[in-house]
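>>> give me a 3D structure for the following:
(2 chains)
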Number of protein chains: 2
Amino acid sequence: MAEKITPRSVDYSQWYIDIVLNAKLADYSPVKGCMVIRPRGYAIWERLRDELDRRFKETGHQNAYFPMFIPMSFLKKEAEHIEGFSPELAVVTHAGGEELEEPLVVRPTSETIIWSKYRDWIQSWRDLPLLYNQWANVVRWEKRTRLFLRTTEFLWQEGHTAHETKEQAVQETETMLEVYRAFAEEYLCLPVIAGRKSEAEKFAGAVATYSIEAMMQDKKALQAGTSHFLGQNFAKAFDVQFQTREGGLDHVWATSWGVSTRLVGAIIMTHSDDKGLVLPPSLAQEEIVVVPIFKSDNKATVLEYAGKVVAALKADGRRVAFDDDDSSSPGWKFAEWEMRGVPIRVEAGPKDAASGNVVMVRRDTGEKTFVKVEEAAAKAREILAAMQKDLLEKARAFRDANTRDVASLDDIRAFYGKEKKAKKQSEVDGESHEGTAEAAGGYARGLWCGGRECEAALKAELKVTIRNMPFDQQADCEGSCCLCGAPAKHRAIFAKSY
Amino acid sequence: MAEKITPRSVDYSQWYIDIVLNAKLADYSPVKGCMVIRPRGYAIWERLRDELDRRFKETGHQNAYFPMFIPMSFLKKEAEHIEGFSPELAVVTHAGGEELEEPLVVRPTSETIIWSKYRDWIQSWRDLPLLYNQWANVVRWEKRTRLFLRTTEFLWQEGHTAHETKEQAVQETETMLEVYRAFAEEYLCLPVIAGRKSEAEKFAGAVATYSIEAMMQDKKALQAGTSHFLGQNFAKAFDVQFQTREGGLDHVWATSWGVSTRLVGAIIMTHSDDKGLVLPPSLAQEEIVVVPIFKSDNKATVLEYAGKVVAALKADGRRVAFDDDDSSSPGWKFAEWEMRGVPIRVEAGPKDAASGNVVMVRRDTGEKTFVKVEEAAAKAREILAAMQKDLLEKARAFRDANTRDVASLDDIRAFYGKEKKAKKQSEVDGESHEGTAEAAGGYARGLWCGGRECEAALKAELKVTIRNMPFDQQADCEGSCCLCGAPAKHRAIFAKSY
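Residues are numbered from 1 along each chain as shown, chains lettered A, B, ... in the order given. Modelled structure (predicted):
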């Protein structure tokens, strides 16, 4: 099946779709913009969800579930919120055979319905904090969709917390972004940049939005998680006040934060290659596939031997598939399991059975190791750990190699391939082809004044936006805005994005 | 808080609602008929879901996720299906600021959208079986709702499987009902009757529906899970054919099966008492609460001692809450934790600290045990295991005591309290009050002809329906239908139900 995958160099978008479809991760649905998550894709989501849920609980959060229908009037209570979400709403107007008195919106996010209940539950500082999360489906009616990355309905988690003080809410916003950052790097092998969004790019209704941003192999950025400091905006919209420790009355401080099934898309795009899916071992449904190589005259011997290898690996806690199907060839199986992204392939043939060896092939590097069967379990553990580490480092090196410091708009234009045209002219003049690199761009890092105008102009001209202002790169921001020359306030990452 | 709970003898329905609200399991929502599942309620659902999911995977099933929006035309493809669900549909007519060309239904169940995809995925017998399940929210627009038991939106799982032969599909239907039965009894302590539904009560679109039925403390039945043999109905509606082993072409055979958040309601109603929630230890967020009993002069000593008890219990793998709050009295705490349904309360006061003992109080029986601190962990395990077993047996004994064999419609009328009127007349005549029992009814077990007319007449007169025809009670069904006197074919359980 591997031949069905379009190489990245030919068509990056098609390569991605080919992997999603051929590895049976997801499929299109009869409803425009919605997708079907197939078992092999859902297994990735499940592992990711369970690990993240564990980290939420470890940091004191509890799960709850709120209705998916929200009265239209609720969304209108927070002015920026409704303005941001209004174009994307799906609306239930009829139910139970009758027209509803008030239309119900299918949640695009749940701040409004949740804060309408927080009003009932919060009276005093003793009721705070509330540290709630929910795993749910949400709907945002998108014009242009892509499997996992942007779908009309998607699965996500949304944390919604309520606090006594501004400081506590800001702290929570930071804590959860750090939970996301650590999770993305340690578990998903996605190197991310943690920082603050610009005013133009923040969540509708937030005071400040923090994000983690990952770089895909086509050098575009992908927002992989957000954490919002909501100030008292929703508490004021829903009149949620509490008796303070001092006996006064104050509005409650809020945060919200979320990641979604688009993370699965980010994982696929970051690690995979032209043979198919590459997955961090942490996320793989099967860490290892054992493929016995036999002919009719040695089948019994080989299967018995391979079965022992499977048993030894399972006994060591590994998730193992045993592909003993005899209707397809070993070569076909190799390609198929590579396409599916299984981290280690173990080959066991008649010679191996005789010598007590197996061959282990690592999915990302193709590296082959011959190992004694008694050492197979230990070696597998070693390879899986190395792969988990190396995938992160490889992606980090790629990102760093595609990050450039810029000082001017012309620098940015050049970085994003506007130089192409000029260079083509120079080709005519007989000059070198350097600079006509097909995959221009990446992260441009430069000083920024914080103004909305130059940011908007950049987006209009190049479709390049400010991804975030990295927390760890805000020291020494003296100088001029790389976009407009005004005095700078921040250092920002500029990029095209999903 | 315990005083807020209305006793069962005063108002059973209110007792249930009081527990749900006071134990903070769920709350009403601003959208009529929808509920908010609060963290303590969601924790029960989470534990239940994880255990059931484990059992699904153990029996070879995989999770997937299908869109929640279904084109209206899909539902109409299976005639009985649309007839059954039509009155309960919620319909999205507008999205993204425009009126949709075709209205989208919010899934009331997912057979139609899933079979529309199975058509793409199934070509040959080699593609079968498909053993898929999804955990999702669904919407059925109900007129009368009740927290957990019947809500407009609810959470559930729905299994949808595809098979080569009728026999395999029937086998799957039976297997999954048995998974539900074992799960209900072993994990939820709900004794259930497994059997087949009547034609009138089966799922809209099924050939046969099997169910497990539990009895609540008001002697009403509650359908706790269903497994449907769908025949080739949906395969025909969606034209899903496959190449058989013999080289022919046949429609695929199907099943579907589900349980929902109403199980949480069944658990509450079955085990709880007038003090509040009683939970099987398997489902309790905290298996044990440790309540230190101290005054200001011995607080440090007692807290240190109680802390050691907590540590010992946790080290043994127990889920433990430590209520060391000093703003409320031990008595208040006892009532509060009883209301919340924590299986064991451990009390540790200054005398206990001195003697090295603790007091353990078992939630369901109130039994007190004095135990050496070194033996606390072992004793806790013993109590929890006993409680898990006893709750099931207690509920089973209650059900059996409230099951009566009936031979005629008059027997049934008498059982469901229609005798009241006659007896009241007899009271006037100075006869005894016997037979005026307040809580009449339960399970009436009798022979049935299988006819729709006598079943419908019974429902119209007494609101009593056939719950199911128990699989293990179909031997020796010779005789007359207890409803109409026609020759009997089945033995059925008749009851009022939720």
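>>> pretty sure A:Gln157 is touching A:Arg49, no?
Yes: with contact defined as CB atoms under 8 Å, A:Gln157 counts as touching A:Arg49 (7.4 Å). Where you see a C-beta, it was placed from the backbone N, CA and C, and this is true even at glycine.
>>> which neighbours do these two share?
A:Trp135 (CB atoms under 8 Å, 6 or more residues apart in numbering or on different chains).
>>> okay, buried residues for stretch A:471-491 please.
For stretch A:471-491, the neighbour count (16 or more other CB atoms under 10 Å in any protein chain shown) marks A:Cys477, A:Ser480, A:Cys481, A:Cys482, A:Leu483, A:Cys484, A:Ala488, A:Lys489, A:His490, A:Arg491 as buried.
>>> so what are the domain limits for chain A?
A:2-271, A:281-399, A:403-495 (automatic domain parsing).
>>> highest average neighbour count across the ones you listed?
domain A:2-271 (a mean of 20; mean count of other CB atoms under 10 Å in any protein chain shown).
>>> which element, helix or strand, includes the most centrally placed residue in chain A?
For chain A, the residue nearest the mean C-alpha position is A:Leu263 (2.4 Å; CA atoms, centre = their mean). Element membership for A:Leu263 (DSSP states H and E) is helix A:262-271.
>>> which strands and helices sit next to that helix?
Using 3 or more CB pairs under 8 Å, 6 or more residues apart in numbering or on different chains; DSSP states H and E, the elements in contact with helix A:262-271 are helix A:12-22, helix A:39-58, strand A:208-215, strand A:221-231, helix A:376-401.
>>> and which of the buried residues of stretch A:471-491 is nearest chain B?
A:Leu483 (32.3 Å; CB to the nearest CB).
>>> surely that closest one is in contact with A:Leu409?
Yes: look at A:Leu483 against A:Leu409 with CB under 8 Å: they come within range, at 5.7 Å.
>>> which residues are common contacts for these two?
What both A:Leu483 and A:Leu409 touch, as defined by CB under 8 Å, 6+ apart, is the set A:Leu458.
>>> and the helices and strands packed on helix A:262-271: which comes nearest B:Val259?
With CB to CB as the criterion, B:Val259 lies closest to helix A:39-58 of those, at 19.0 Å.
>>> and after the closest one, which helix or strand comes next?
Following helix A:39-58 in sequence, per DSSP H and E, is strand A:62-63.
>>> TSV please, covering the buried residues of stretch A:471-491 and showing secondary structure, distance to chain B and pLDDT.
Listed next are the buried residues of stretch A:471-491 as TSV, based on DSSP: H, G, I helix; E, B strand; the rest coil; distance: CB to the nearest CB, whole Å; pLDDT from 0 to 100:
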residue	secondary structure	distance to chain B	pLDDT
A:Cys477	coil	40	95
A:Ser480	strand	41	97
A:Cys481	coil	36	97
A:Cys482	coil	36	97
A:Leu483	coil	32	97
A:Cys484	coil	34	96
A:Ala488	coil	39	97
A:Lys489	coil	36	97
A:His490	strand	34	98
A:Arg491	strand	37	98
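>>> what helix or strand does A:Ala162 sit in?
strand A:153-163.
>>> please state the offset of that strand from the chain centre?
In terms of CA atoms, centre = their mean, to the nearest Å, the gap separating the centre of strand A:153-163 from the centre of its chain is 15 Å.
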